[in-house]
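[1] only geometry, no sequence info:
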């Protein structure tokens, strides 16, 4: 509980309408999109500008009050749950696009801007912001930066990190920093910009960002390749890239996922196929035509039973939207949906998909797999029920084994969803003791009182393996 | 001086042939490509593998011996000078390309590999490593990573940072870390990979790197645009990009630079023009043809007096090589050459070039300007003589004012050369007190005994301005 004098101080900073200590207000921000994590914060605070963020942080730092910066709470690693109470920080007043600079190809934004709103604004000027997390209709740019969000276009264009070139940051002690700028190059000291991208709100609060834009691709084309054999689909993924074609999008959906997505979206997806690749290329028309023709050829040579080209942009958009809705669709199957994002070198996608299926059988759980195959970034997803403790234990054991397998194949425990509270026990699998220690040292250097999103990234205890009782 | 027992311990690790304490050996590594910085190291040590690096670092850490990792010493910020003595660490035994993975489009290298050797190896397989610092014929990949080197292709393809996806690092305490992997995506904790890129050897020793490759562009084309008015040339730079064309290369050379380069290279450069843009586009033939035609149009509409297309790849390569040799050519003018890389948003290139010329006049020094105009990354270069103390003072004052101007225009004190010892006094101009403090905290977190390349990045005193007596 916050002392009344602290509530008074915070109220004096942000105004009474921007601090909520009601049970309802706090309940609303007690959880995010991750199942099984819920804790009540002590207050929900909505600063109106950077100076107010700085003043709030100083109070929190002086009084050791945890502070959890939160976008739209769409993250899937329990990254924005207020595990140790304290303050949830909202950016509903700091939600403006400050400038689109057409000469330097940059957009300057506040953290509360909705990703898709910004994408639409820059596209209206013929510019392109590639990172497109599936949640972009509701996610915020601030959230995307803190999680280093990926998306469907990551294969060709990279992830959020690759587009953040400047930040305004408030440190726990209230200091305001500016990193980078509208600059293609800047090597003045350590790369604080990229250190903060993906830092999950554990080092400071991002209050403004300069994002790099690129020219809008002239055209794009979308195809679906259908497979009877999951292995062939995975092989096609590697073969396309080994043939030196980098499509914008190269997504994989297994049969159970396709069935669920079709049931939800009703757009005529081929529910009979064992696996489907959703492939998109963009660029100048000649290049798109040529690449799509070569991709079609490669897919067929690897036993695709059918390759369908979307007849127009409307059909293509329907396919992309269906893919983006995979999580929502899967969430209808059971009360609890656990979605992971183990990631491997793309040459190991086939081995990873096989391993996921074997592990699901071994633990007798249902796992649907889809994801950004071109990135080696898979989303094995388990529809389950937290009230069924026996099954939940088996699900956890299965995912622990999936993480281990990903590491064994040269991969990582998370490609784009982050560590948060959910994957903290597994971080040591990827980093080893020395890696964890190095990261804890960085955390202490920025946040010696551990007020920034405490309980995230680092677990009290690392789990090598969940033992099934 | 190293105590005899420490020399014995080091000798036991690397073997007697790999430690040099002779005056000649130490003299060789007492300086780098930066004028005015020279200090003798106590020993030159060449470990044969990561384990030896780890053992050497442990000894240095336990005994507070400074250690300076060094590639080919081509850096221009006194980044590899052993300012506080200690050990210079060479990678002449750790100079192998370990693997080119054509399925995952990666190359795994040891730090001592020469950049151009690696580029040639991957190109032989139809793959492309874009970062091409002008020193690439002799620079090492390890040096490039530590400095986050840029190059002529940065505008379209980015810099070294954008291609480093995994590292093996030895920390000062001897711990061996592995970050990232052959992974398109990895958000398992803080981005240690990018933190180490550009860290100038101040946090640890990089002993292996996984680099991302892209498919080799099908074709490329090079043009020269000649201007009577420097302003028009700078405007053309902005206009090309504002027209949503991103060339591979978009270089600027002013008249004094062209004259010197032509005198050196003898390839028929237009010494009569006040400014020249060297522009290259690569990609599929249709796209290259179209872009080059549009660029030609834009250049002419902004008063280019002539636009010349390189007739073949041989001529294009001669032009690129001439540009890469600008520093060598300028170095022939006077005993001392001071080359800087103030960087601004590309919309400010015209303003920056104007400012440089005014500042040169004001301080009565000769400054030739060339550089990566598309990146806003200029290299104002001053041929001078360190023995002329009066002139050197004026040169330093002029550069201090150039840095201030760059910051005032939203830029930075260094785009690709690094801070090192040379620009340490100016770092606060860009970062402010809070930024310097944040970076010092990172440094302490990794290297509490300050053994890694001490005296770099952080100055004893920040200089807001050099006062001319």
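    Happy to help now that I have it. Quantities reported herein were computed from a predicted structural model and do not represent experimental measurements.

[2] hmm, who's touching the helix or strand hosting residue A:264?
    Of the helices and strands defined by DSSP states H and E, residue A:264 is found in helix A:255-265. Helix A:255-265 has contacts (Cβ atoms under 8 Å, 6 or more residues apart in numbering or on different chains) with A:253, A:268-271, A:273-276, A:318, A:321-323, A:325-326, A:328-330, A:332-333, A:366, A:368-370, A:381. C-beta: built from backbone N, CA, C; applies to glycine.

[3] Apply 6 Å and report the result again.
    Helix A:255-265 is contacted from outside by A:269, A:271, A:274, A:276, A:322, A:326, A:329-330, A:368, A:370, using Cβ atoms under 6 Å, 6 or more residues apart in numbering or on different chains.

[4] Looking at pLDDT only, which of the residues you listed scores worst?
    Among the contacts of helix A:255-265, residue A:322 has the lowest pLDDT, at 84.

[5] Could you tell me how far that one is located from chain B?
    In this structure, residue A:322 and chain B are 22 Å apart, going by Cβ to the nearest Cβ, to the nearest Å.

[6] For that residue, what are phi and psi?
    phi -60, psi -50 (degrees, to the nearest 10).

[7] Over to residue A:215?
    According to degrees, to the nearest 10, residue A:215 has phi -60, psi 150.

[8] hey, what's it bridged with?
    residue A:127 (DSSP bridges).

[9] Tell me how many other residues surround it.
    Neighbour count for residue A:215, taken as other Cβ atoms under 10 Å in any protein chain shown: 14.

[10] Do you know the pLDDT at it?
    96.

[11] residues from the stretch 151-300 of chain A in reach of chain B?
    A:175, A:177, A:181-191, A:194-195, A:198-199, A:215, A:238, A:242, A:244, A:284, A:286-287 (Cβ under 6 Å from any Cβ of the partner chain).

[12] So which of those residues sit within strands?
    In this view, these that belong to strands under DSSP state E are A:177, A:215.

[13] which of the residues of the stretch 151-300 of chain A next to chain B are buried?
    A:175, A:177, A:181-191, A:194-195, A:198-199, A:238, A:242, A:244, A:284, A:287 (16 or more other Cβ atoms under 10 Å in any protein chain shown).

[14] from memory residue A:434 sits against residue B:178, does it?
    No: the pair residue A:434 / residue B:178 is not scored as a contact, 9.1 Å apart, by Cβ atoms under 6 Å.

[15] show me where pLDDT drops low in the stretch 51-200 of chain A?
    Within the stretch 51-200 of chain A, no range satisfies pLDDT under 70.

[16] The helix holding residue A:264: how far from the chain's middle?
    22 Å (Cα atoms, centre = their mean, to the nearest Å).

[17] ok, now which ones touch residue A:395?
    If you count contacts by Cβ under 6 Å, 6+ apart, then residue A:395 has A:365, A:382, A:384 around it.

[18] so which of those residues is the most crowded?
    residue A:382 (26 neighbours).

[19] looking at this, that residue is in a strand?
    Yes: membership of residue A:382 in a strand is supported by DSSP: H, G, I helix; E, B strand; the rest coil.

[20] tell me the domain boundaries of chain A?
    Residue ranges for each domain of chain A read A:4-90, A:97-215, A:219-323, A:330-446, as given by automatic domain parsing.

[21] Need the distance between the two termini of the longest one.
    Looking back up the chat, that one is domain A:97-215. 19 Å (Cα to Cα, to the nearest Å).

[22] count of neighbours near residue A:3?
    11.

[23] how about it, phi and psi?
    phi -60, psi 140.

[24] How about it, nearest residue that isn't a chain neighbour?
    Take residue A:3 and drop its neighbours on the chain: the residue closest to it by Cβ to Cβ, 6 or more residues apart in numbering or on different chains is residue A:63, 8.0 Å away.

[25] and what of residue A:309?
    residue A:223 (4.9 Å).

[26] Please apply the same query to residue A:291.
    Counting by Cβ to Cβ, 6+ apart, the residue nearest residue A:291 is residue A:281, at 4.6 Å.

[27] residue contacts, the one you found?
    A:221, A:247-248, A:288, A:291-292.

[28] so it sits in a strand?
    Yes: applying three-state DSSP, one finds residue A:281 inside a strand.

[29] confidence score at it?
    97.

[30] I am finished for the moment; much appreciated.
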